[in-house]
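Colleague: Here is my input, please return the structure:
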Amino acid sequence: MVSTTLERTVLPPAESIEDLAERFSGFGQAPVTKVMGPNGEEIVLPAQVFEALRDIVQLMAQGRAVTIAPVHQRLTTQEAADLLGISRPTLVKLLESGEIAFEQPGRHRRVRLVDVLKYRDRRSTQRRDALDKMVEIADGSGMYDRTAKPKRTR
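Modeller: Numbers count the residues shown, from 1 in each chain. Purely as a prediction, here's the structure:
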């Protein structure tokens, strides 16, 4: 099983890169990020794209692999399981129970990347809510007020 991926999905900007470049060309003081290719070609980047590239460079500097995939991409069950950090049989159970939508055009199931990301976000929110509730219960019952006395084992 592969470790979970960085929990961040960058959606494309509403405007095209060319529209943004044209809009920013008239502003001398506006903060603009440009990338220059080896042939001297310059491209103006929206802030979201710059942040994504910065994150990619940081991850690669740490020796971590980076995967870039279009949001509407269809994944195999193994790819979806790897993205979630779970086994393929566990993912299949989630698919069959209706937790994650899937398509089966032929013999093999396909899962949309956007559906996998929605499930991951939903589970993350549920996990956070459950932990918050546990802390609230522990605090309400005074568990944080008590200190345990160490038991002698010898």
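Colleague: all helices of this structure, in order?
Modeller: 17-25, 47-61, 77-84, 88-96, 113-140 (DSSP state H).
Colleague: Low-confidence ranges, the chain, go.
Modeller: By pLDDT under 70, the low-scoring segments of the chain are 1-31, 71-72, 146-148, 150.
Colleague: Now do the domain split for it, please.
Modeller: With domains defined by automatic domain parsing, the chain comprises 1-68, 74-140.
Colleague: so which of those domains gets nearest Lys151?
Modeller: Ranking these by proximity to Lys151 (CB to CB) places domain 74-140 first, at 21.1 Å. Every C-beta, even on glycine, is put in place using the N, C-alpha and C of the backbone.
Colleague: Next, the contact list for Lys151, please.
Modeller: By CB atoms under 8 Å, 6 or more residues apart in numbering, no residues touch Lys151.
Colleague: which one of the domains of the chain has the most crowded surroundings?
Modeller: Comparing the domains of the chain by mean neighbour count (mean count of other CB atoms under 10 Å), domain 74-140 comes out on top with a mean of 14.
Colleague: and the end-to-end length of it?
Modeller: End-to-end distance for domain 74-140, by CA to CA, to the nearest Å: 46 Å.
Colleague: Ok, stretch 142-154 next?
Modeller: Across stretch 142-154, the terminal residues are separated by 30 Å (CA to CA).
Colleague: All set now, cheers.
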